[in-house]
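Here is my input; please provide its structure:
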Amino acid sequence: MLHLGRNFRHLILLPILALLVFGGFGCKGEDPEVTKLTKPFVLKYWRVFDDSDAFNEIISAYQAQHPHIKIEYRKFRYEEYEKELLNAFAENRGPDIFSLHNTWINEWRPRLEPSPSILTMPFRELKGSIKKEVVTVIKQTPGLTVRQLANDFLDVVSQDAVIDTEQTDPRAPLVPRVYGVPLAVDTLVMFYNRDILNASGIPSPATHWLEFQEQVKKITKLDELGTIIQPAAAIGTADNVERASDILSILMIQNGARMTDNLGIATFNQVPAELSGRALPPGAEALIFYTDFANPEKEVYTWNDKMPNSLTAFANGQVAYFFGYAYHLPTIRNFNPELNFGIAPLPQIEGNQPMNFANYWLEVVANKTEHVNEAWDFLKFAATAEMTKKYLDKTGRPTALRSLVNSQLDDLDLSVFASQLPTAVSWYRGSDAEAQEEAFQEMIRQMITGTEPNPVKIVDLAATKVNQTID
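Model (predicted):
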């Protein structure tokens, strides 16, 4: 029998003990940084419109990587949302992550935390060559950068989500920072009633505005007293047309109006230098064009303020054309499942570059959160193509990611919206988007009622009102 010496046996046991200790099998101590960063906590996430099932897969996938983080999702009604946010932040019980409409960003910027340049996060990894084990490692990854936002998302996103920000040293130049990231971008389209178009001998919806005017004249029917008995399009008024200010805004933009200058000052009441030969500012021309559809003295008269809400009228099959967004689709179908309707691109001005209007929400981080890294890490994770697709499949919304646009071009519901995404635009509305919207609606009312017959003065006054909210 072979006998090992006592010292030789100790030499064999030492490396085995070392493996046990340093491999983590018998280690009592832990890295203080790991302990600190893996302490369990809750991220509160507030949104509107989408139920929690739209995010369940994304949240589950994220929590699998970061089991110490619980994400508490809460949905609000749109009518109560902004008030709830304001009250919650005033009482220091606000969410860590929440959604803002793209026109609200500047109003809320003082309450927002832009993406850090570096995110320090714990990750669970499988390690070991002989015996595998799950260990927690600390990694530093880039935050959501201006370059990544520009490369991965539609152009309109950078226009809204990137804001020049002061540095610690007030003498230093402003630095662009990312303040939000979208999961979807909607665009304004033209819904049409196939039955009404067919009955009017119109084989396809209009593609440009002059053709649209001709179709309106053909579809509209008036009685002997001039009362509209068959409206062609829900357009021309302020208070009973869904998103009237959006329709007027894109008409101005398509017509060549510069909505703001480089400082964000409203200039839609001015004639741009490249259009110096025009008698009227393009913004005033667009206002006239829009309100002509509600003017009984015009050939294109087809709508007035006594009509029902435009969405209701379209869903009831009462009007041929309705301007709306992808989020209107479920409402139309739920209200009237038998409605024979289609979706067409927004008409353009023939000969001009196509321009479409963006309407969307950005996911943002509150500056009061104690978990900036984790909140932004979750948003960056949710905004990847893999995770975003899960959200889009559940909600039926158009994508904000360039890489997913082509995949939606074959979708029956989303193809038109997707086709318009590369040409979608927005504009800076100051720090009070509601004031801008009211100024635009008041322009329309003044034109219709004739309280101020001069369209140039009307747009001048509206620009003044908008500029009062510029900070």
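
May I have the predicted confidence score for Arg429?
Per-residue confidence (pLDDT) for Arg429: 79.

Next, it: phi, psi?
Torsion angles at Arg429 (phi, psi; degrees, to the nearest 10) stand at phi -100, psi 10.

For it, give me its contacts.
103, 106, 436-437, 466, 469 (CB atoms under 8 Å, 6 or more residues apart in numbering). For the C-beta atoms, the positions are set from N, CA and C on the backbone; glycine is no exception.

Now for the spatially closest residue to Ser245 that is not a sequence neighbour: which residues touch it?
Closest residue to Ser245 apart from its sequence neighbours, by CB to CB, 6 or more residues apart in numbering: Phe440 at 3.9 Å. Contact analysis of Phe440 by CB under 8 Å, 6+ apart lists 238, 244-245, 248-249, 462.

Tell me the spacing between Phe440 and Arg429.
Distance from Phe440 to Arg429, counting by CB to CB, to the nearest Å: 10 Å.

now for whichever strand or helix holds Thr388, which elements pack on it?
Secondary structure from DSSP states H and E places Thr388 in helix 385-395. When contacts are defined as 3 or more CB pairs under 8 Å, 6 or more residues apart in numbering; DSSP states H and E, helix 385-395 packs onto helix 56-65, helix 372-382, helix 402-408.

pLDDT below threshold where in the chain?
Within the chain, the segments meeting pLDDT under 70 span 1-30, 33, 129, 471.

Work out which residue lies at the spatial centre of it.
Centroid check for the chain by CA atoms, centre = their mean gives Tyr360 as the closest residue, at 1.9 Å.

returning to what we had before: now, of the helices and strands packed on helix 385-395, which is deepest in the fold?
helix 372-382 (a mean of 22; mean count of other CB atoms under 10 Å).

so Asn356 makes contact with Asp186?
No. Asn356 is beyond contact range of Asp186, at 10.3 Å (criterion: CB atoms under 8 Å).

Domain parsing of the chain, as residue ranges.
Domains of the chain are assigned by automatic domain parsing as 32-185+361-402, 187-358+431-467.

Adding distance to Leu412 as columns, could you present these in JSON lines?
What follows is the domains of the chain, written out as JSON lines (distance: least, CB to CB, whole Å):
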{"stretch": "domain 32-185+361-402", "distance to Leu412": "11"}
{"stretch": "domain 187-358+431-467", "distance to Leu412": "9"}
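
deepest of the ones you listed, which one?
Greatest average neighbour count among the domains of the chain goes to domain 187-358+431-467 (a mean of 18), per mean count of other CB under 10 Å.

I'd like the distance from it to the chain centre, please.
Put simply, domain 187-358+431-467 sits 21 Å off its chain's centre (CA atoms, centre = their mean, to the nearest Å).

Closest one of the contacts of Arg429 to Asn92?
Among the contacts of Arg429, Asn106 lies closest to Asn92 (CB to CB), at 23.3 Å.

Once you drop chain neighbours, what's closest to that closest one?
Using CB to CB, 6+ apart, the closest residue to Asn106 is Ser431 (5.1 Å).

residues touching the one you found, list them.
Ser431 touches 106-107, 469-471, counting by CB under 8 Å, 6+ apart.

Closest to Lys298 out of these?
Of all these, Thr469 has the smallest distance to Lys298: 32.7 Å, by CB to CB.

Can you give me the neighbour number for the closest one?
Other residues lying near Thr469 total 18 when counted by other CB atoms under 10 Å.

does it count as helix, strand or coil?
Following DSSP: H, G, I helix; E, B strand; the rest coil, Thr469 is assigned to coil.

Correct me if wrong, but Asp239 is in a strand.
No. Counting by three-state DSSP, Asp239 is not found in a strand; it is coil.

Report the separation between it and Glu437.
12 Å.

do His66 as well
To Glu437, His66 is 40 Å away according to CB to CB.

just Ala320 next, same as before
Distance from Ala320 to Glu437, by CB to CB: 26 Å.

returning to what we had before: possible to save the contacts of Arg429 as a markdown table with distance to Asn198 and secondary structure?
Output for the contacts of Arg429, formatted as a markdown table (distance: CB to CB, whole Å; DSSP: H, G, I helix; E, B strand; the rest coil):
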| residue | distance to Asn198 | secondary structure |
| --- | --- | --- |
| Thr103 | 38 | coil |
| Asn106 | 46 | helix |
| Gln436 | 39 | helix |
| Glu437 | 36 | helix |
| Val466 | 42 | helix |
| Thr469 | 46 | coil |
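
Looking at those residues, point me to the pair that's furthest apart.
Maximum distance among the contacts of Arg429 (CB to CB): 14.4 Å, for Asn106 and Glu437.

In terms of helices and strands, where is the residue nearest to Asn106?
Using DSSP H and E, no helix or strand contains Ser431.
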